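In: Give me a 3D structure for the following:
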Amino acid sequence: MPGYSLHIGLNHCDPTAYPGWDSTLGGCINDANSMMQLLERRLDNVLRRLGVGRTVWATRQIVAHGHVLVNGRKTDIASFLTKPGDQITFKEGIHKVLRDNMEQNAGHNVPNWLE
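Out: Numbers count the residues shown, from 1 in each chain. Predicted coordinates:
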């Protein structure tokens, strides 16, 4: 199995915030896969995968400025963990910026697990 290098911008990680992660990554394969699944579910990553921003930092800024609604509720926490069936929408004022970003990412491939 190839090694994983995690660069996620965390200065401090509270293991209780990530259910199912034992904070040791001692079981390597299972724990690393679980951690990767948790990281893929983060709101900033989901938006980057959708092509909303060119970088994860750009999508974090969109979230932090309160432009994102998850299931109709404003969410300004980039580390928010999404789950299957969550509906992500955006406030009206950001639509032009999103359209421009998505046009710049025209060749971007959206993963199959995102609808």
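
In: show me where this protein has strands.
Out: Using DSSP state E, the strands of the chain run over 68-70, 73-74, 88-90.

In: Identify all contacting residues around the second one.
Out: Pointing back at strand 73-74 there. With contacts defined as CB atoms under 8 Å, 6 or more residues apart in numbering, strand 73-74 is touched by 66, 68. Bear in mind the C-beta positions are built from the backbone N, C-alpha and C, glycine included.

In: That one: partners in the sheet, and parallel or antiparallel?
Out: When pairing is defined by DSSP bridges, strand 73-74 lines up against strand 68-70 (antiparallel).

In: quick one on the thing from earlier: winner for burial among the strands of the chain?
Out: Ranked by mean neighbour count, the strands of the chain are led by strand 68-70 with a mean of 19 (mean count of other CB atoms under 10 Å).

In: Relative to the whole chain's centre, how far out is that strand?
Out: Centroid separation for strand 68-70 versus its chain: 12 Å, with CA atoms, centre = their mean, to the nearest Å.

In: do stretch 74-94 as well
Out: For stretch 74-94, the distance to the chain centre is 10 Å (CA atoms, centre = their mean).

In: Kindly export it (C-alpha atoms) in PDB.
Out: Taking Å, rounded to 0.1, in the frame of the first residue of the first chain, the C-alpha atoms of stretch 74-94 are listed here in PDB:
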ATOM      1  CA  LYS A  74     -26.000  28.700   6.800                       C
ATOM      2  CA  THR A  75     -22.700  26.900   7.300                       C
ATOM      3  CA  ASP A  76     -19.500  28.900   7.800                       C
ATOM      4  CA  ILE A  77     -17.300  26.000   9.100                       C
ATOM      5  CA  ALA A  78     -15.100  24.600   6.400                       C
ATOM      6  CA  SER A  79     -14.500  21.400   8.400                       C
ATOM      7  CA  PHE A  80     -18.200  20.600   8.500                       C
ATOM      8  CA  LEU A  81     -18.600  16.900   7.700                       C
ATOM      9  CA  THR A  82     -21.200  16.300   5.000                       C
ATOM     10  CA  LYS A  83     -23.100  13.100   4.700                       C
ATOM     11  CA  PRO A  84     -24.900  11.400   1.800                       C
ATOM     12  CA  GLY A  85     -28.100  13.200   1.000                       C
ATOM     13  CA  ASP A  86     -27.000  16.600   2.200                       C
ATOM     14  CA  GLN A  87     -28.100  19.400  -0.100                       C
ATOM     15  CA  ILE A  88     -25.600  22.100  -0.700                       C
ATOM     16  CA  THR A  89     -26.800  25.500  -2.000                       C
ATOM     17  CA  PHE A  90     -25.400  29.000  -2.200                       C
ATOM     18  CA  LYS A  91     -26.700  32.500  -1.300                       C
ATOM     19  CA  GLU A  92     -27.800  34.700  -4.200                       C
ATOM     20  CA  GLY A  93     -24.900  37.200  -4.100                       C
ATOM     21  CA  ILE A  94     -22.200  34.600  -4.800                       C
END
